[in-house]
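**Q** Need the 3D shape of this:
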Amino acid sequence: MSLESAKYECLNLNSIKIHTVSMGSDNNKTPILLLHGFPEFHYSYRYLMPLLARDRKVVAIDQRGYHKSSKPKRVKNYRLEYLMSDVVGVIKKISNSKKVILVGHDWGGAVAWHVARCYPKHVEKLIILNCPPADLLFNAMTKIPRQLLMSYYIFLFQLPLIPERLFRLSNFKMLRIMQKSIKTERGRVSKEEIEEYIRCFNRPRGLSGINYYRAAFRDAMRGRLDPKRKVQCPTLVLWGTKDFALHTNLTLYFKEYVHQKKDLRIKYFKDVGHFTPEEIPTKIAEEILDFV
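**A** Take a look at the predicted model:
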């Protein structure tokens, strides 16, 4: 399983360039669009994409601020309204029906929740991998005390420059440790795979993804995160219960974010951590393909 046969291209969306990776046949089935989290990029779906591409076209993007996509300098350019606009722009270019099966992990999940709520006509089905809606996460810090402790890094990321410098210390030692801790179906992440991540973030403004946290925190403090809308499509949540950053009790509130007449399914995976697309890609692919 690899991305060797994938097609790589950049899409121009107004003033933003979004790098995409695609696999699978462009048949009449609704394509699957994959959104990654932090600190990741499209490469985090390297195991999952070939499995999904057996059934239909699959596209993974590097969201703004990552890898070969545009990296605006100002924090305000990483607000959810802009992240959503990027995704909708990609959907219009890759899908004949202007709809996708939208899959998001970590920050990609937060963006996916919001796209489904704010742009329902572009999302046929929603699949979330270990991520709550952004507004729920900030609200849950008062409802789930443990989550406040688990979210310490969000507050650290509000500092200017320091988080970026910490990540770059000792040739990205923090990132290397994080990747080495991930146990995949094939064993530990290899040195070659880790180097792919290092190359991604060791670019000018390569850690711009930290601005997602800054922009969201500012909007949360101003009460701008909640669009007051619910998801209007069938929704599947796949959740590793040993997530170090997100408490499983967050999932108890998800029914409040999906229209009651729509199908909401939540499946938990014991002994699986935060990085579900890399840890259990075969199981994730099976669940996704069964759902769609």
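**Q** State the distance from the nearest residue to Pro120 once chain neighbours are set aside to Phe269.
**A** With C-beta to C-beta, 6 or more residues apart in numbering as the criterion, Pro120 has its nearest non-adjacent residue at 4.1 Å, and that residue is Gln232. In short, each C-beta sits where N, CA and C put it, glycine included. Using C-beta to C-beta, to the nearest Å, Gln232 is found at 27 Å from Phe269.
**Q** picking that back up, so the residue nearest to Pro120 is in contact with Tyr119, correct?
**A** No - the criterion here is C-beta atoms under 8 Å, and Gln232 misses it with Tyr119 at 10.0 Å.
**Q** Give me the number of neighbouring residues for Leu13.
**A** Using other C-beta atoms under 10 Å, Leu13 has 19 neighbouring residues.
**Q** Oops, could you answer that again for Ser25 instead?
**A** Based on other C-beta under 10 Å, the number of other residues close to Ser25 is 11.
**Q** what's near enough to touch the closest residue to His42 other than its chain neighbours?
**A** Sequence neighbours aside, Ala60 is the residue nearest to His42 in space, at 4.0 Å (criterion: C-beta to C-beta, 6+ apart). Each residue near Ala60 by C-beta atoms under 8 Å, 6 or more residues apart in numbering is listed here: 20-22, 33-36, 42, 45, 49.
**Q** So what pairs up with Ala60 in the strands?
**A** Ala60 has these beta-bridge partners by DSSP bridges: Val21, Leu34.
**Q** going forward, begin numbering at 32 instead of 1
**A** All right, first residue 32 from here; so that's Ala91.
**Q** Would you quantify the distance from it to Phe275?
**A** Note on Ala91: its distance to Phe275, by C-beta to C-beta, is 24 Å.
**Q** Kindly indicate which of the contacts of Ala91 lies nearest Pro191.
**A** Nearest to Pro191 among the contacts of Ala91, counting by C-beta to C-beta, is His67 at 24.4 Å.
**Q** Pop out the phi and psi values for the closest one.
**A** When quoted as degrees, to the nearest 10, the phi and psi of His67 stand at phi -90, psi 170.
**Q** Tyr97 now?
**A** When read as degrees, to the nearest 10, the backbone of Tyr97 gives phi -120, psi 140.
**Q** For the longest helix that the chain contains, buried residues please.
**A** Taking DSSP state H as the criterion, the chain has its longest helix at helix 193-211. Judged by neighbour count (16 or more other C-beta atoms under 10 Å), helix 193-211 contains these buried residues: 194-195, 198-199, 203, 206-207, 209-210.
**Q** Let's see the distance spanning stretch 211-223 from one end to the other.
**A** Its start and end residues considered, stretch 211-223 measures 11 Å (C-alpha to C-alpha, to the nearest Å).
**Q** Can you give the contact residues for it?
**A** Contact with stretch 211-223 is made by 78, 210, 225, 304, 306, 309-313, as judged by C-beta under 8 Å, 6+ apart.
**Q** give me that answer again for 7 Å
**A** Residues from elsewhere that reach stretch 211-223 (C-beta atoms under 7 Å, 6 or more residues apart in numbering): 78, 210, 306, 309-313.
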